[in-house]
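Engineer: Okay, sequence plus prediction incoming.
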Amino acid sequence: MRIRICVIALSILMGACAQPVVHEPPHATASLEWIRTELFFGISAATAEPAVVAERDGRWRAFLDREVTPRFPDGLSVYDVSGQWRSPAKSIISHEHSKSVLIIYRDSPQHRADIEAIRDAWKKLTGDESVLRVTQAVDVSF
């Protein structure tokens, strides 16, 4: 009997000391239907003359205004990055001044096609072999 009373008393005390778990309710606009895509564009070789970098930066701005912004007018972020990569056909590592574009958008076939159109347009404009794309599903709240 004493053991039962001790177990009951201990259970009551432990319950009184326990902190309640509080879960924040999701934001009204939270959704798992959003995608985050980062695109990486080579602008020029890291050893390029300043005039070459400036010319490529001018082409970059025109490309951004013509190809990217119209497809994603609600917003995007552009970062200057320093990249390096090795072409499968070469054994040397190339260093480049690069731009990274971060776009968060609702997932749809049209938006995915827009991303691919941007990549194709840059490769056609510059002759670059590739535009790196990193895509993830994200939880977004405004």
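Structural biologist: Cool, the structure landed. The structure presented is a predicted model; accordingly, all values stated were derived computationally and were not measured. Numbers count the residues shown, from 1 in each chain.
Engineer: Show residues contacting the helix ranked longest in the chain.
Structural biologist: Secondary structure of the chain per DSSP state H: the longest helix is helix 109-126. Helix 109-126 is touched from outside by 35, 37, 39, 41-42, 59, 63, 67-68, 71-72, 103, 105, 128-131, 133, 135, with contacts defined as Cβ atoms under 8 Å, 6 or more residues apart in numbering. For every residue, glycine as well, the C-beta is placed using N, CA and C.
Engineer: Show the subsequent helix or strand relative to it.
Structural biologist: Following helix 109-126 in sequence order, the next helix or strand is strand 132-140 (DSSP states H and E).
Engineer: What is the burial count for Lys125?
Structural biologist: In this structure residue 125 is Leu, not Lys. Neighbour count for Leu125, taken as other Cβ atoms under 10 Å: 15.
Engineer: Please shift the residue numbers so they start at 127 in all later answers.
Structural biologist: From this message on, residue numbering opens at 127, which makes the last subject Leu251.
Engineer: so is Ala188 in a helix, a strand, or just coil?
Structural biologist: Assigned by DSSP: H, G, I helix; E, B strand; the rest coil, the conformation of Ala188 is helix.
Engineer: Just give me the neighbour total for it.
Structural biologist: Count around Ala188 with other Cβ under 10 Å applied: 11.
Engineer: pretty sure Leu228 contacts Glu164?
Structural biologist: Yes - between Leu228 and Glu164 there is a contact under Cβ atoms under 8 Å: 5.2 Å.
Engineer: wait, doesn't Gln210 sit right on Ser224?
Structural biologist: No - if you go by Cβ under 8 Å, Gln210 and Ser224 don't touch, sitting 9.2 Å apart.
Engineer: okay, those two: which has more neighbours?
Structural biologist: Higher neighbour count among Gln210 and Ser224: Ser224, with 20 against 10, using other Cβ under 10 Å.
Engineer: does that one really touch Ser208, like I thought?
Structural biologist: Yes - the criterion here is Cβ under 8 Å, and Ser224 meets it with Ser208 at 6.8 Å.
Engineer: Now the longest strand belonging to the chain: buried residues?
Structural biologist: Looking across the chain with DSSP state E, the single longest strand is strand 157-171. Buried positions in strand 157-171, judged by neighbour count with 16 or more other Cβ atoms under 10 Å: Trp160, Ile161, Thr163, Glu164, Leu165, Phe166, Phe167, Gly168, Ile169, Ser170.
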